[in-house]
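Asks: here are the coordinates; sequence isn't available:
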């Protein structure tokens, strides 16, 4: 599956819609998208089209905790388990679509 990040801005919020696996081959692209998101705007990460998250992706999310991103994740997504195991689940604002 091809990895892509689409950015939209609406009413003071930047939404990054992520599609594909977040792994060591795509984590840097996600990092750049997060780094490029305007500071001060609410940051929303739509991860409903992500089915895989490895340690490189976890590191990118961890490195951006200071932005307090809101994650949108399907309630049955496997990546919720990864976030729970790593302890990020309790440090992130996660909601379901």
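Replies: Good, I have the coordinates. Predicted model only: the values in this text are computed from it and were never measured.

Asks: ok, the residue nearest in space to the middle of the chain - contacts?
Replies: Most central in the chain under Cα atoms, centre = their mean is residue 45, positioned 4.6 Å from the mean C-alpha point. By Cβ atoms under 8 Å, 6 or more residues apart in numbering, the contact set of residue 45 is 15-16, 18, 69-72. Where you see a C-beta, it was placed from the backbone N, CA and C, and this is true even at glycine.

Asks: Just the helices from this protein, written as ranges.
Replies: Assigned by DSSP state H, the helices in the chain fall at 27-36, 55-63, 79-86.

Asks: Let me have these in CSV, extended by mean neighbour count.
Replies: Below are the helices of the chain laid out as CSV (neighbours: other Cβ atoms under 10 Å):
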stretch, mean neighbour count
helix 27-36, 16
helix 55-63, 17
helix 79-86, 16
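
Asks: can you put these in CSV and add distance to residue 11 and mean pLDDT?
Replies: Converted to CSV, the helices of the chain look like this (distance: least, Cβ to Cβ, whole Å; pLDDT from 0 to 100):
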stretch, distance to residue 11, mean pLDDT
helix 27-36, 19, 97
helix 55-63, 24, 97
helix 79-86, 27, 96
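
Asks: Output those in TSV, with distance to residue 7 appended to each entry.
Replies: Shown next, in TSV, are the helices of the chain (distance: least, Cβ to Cβ, whole Å):
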stretch	distance to residue 7
helix 27-36	6
helix 55-63	15
helix 79-86	20
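
Asks: of these, which approaches residue 97 most closely?
Replies: helix 79-86 (12.9 Å; Cβ to Cβ).

Asks: From residue 63, how far out is residue 48?
Replies: For residue 48, the distance to residue 63 equals 22 Å [Cβ to Cβ, to the nearest Å].

Asks: I meant residue 70, not that one.
Replies: Counting by Cβ to Cβ, the gap from residue 70 to residue 63 is 17 Å.

Asks: between the contacts of residue 45, which is nearest residue 79?
Replies: residue 71 (9.2 Å).

Asks: Compute the number of surrounding residues for that closest one.
Replies: Neighbour count of residue 71, defined by other Cβ atoms under 10 Å: 23.

Asks: so it bridges to which residues?
Replies: For residue 71, the beta-bridge partners are residue 45, residue 94 (DSSP bridges).

Asks: Brilliant, that's me finished.
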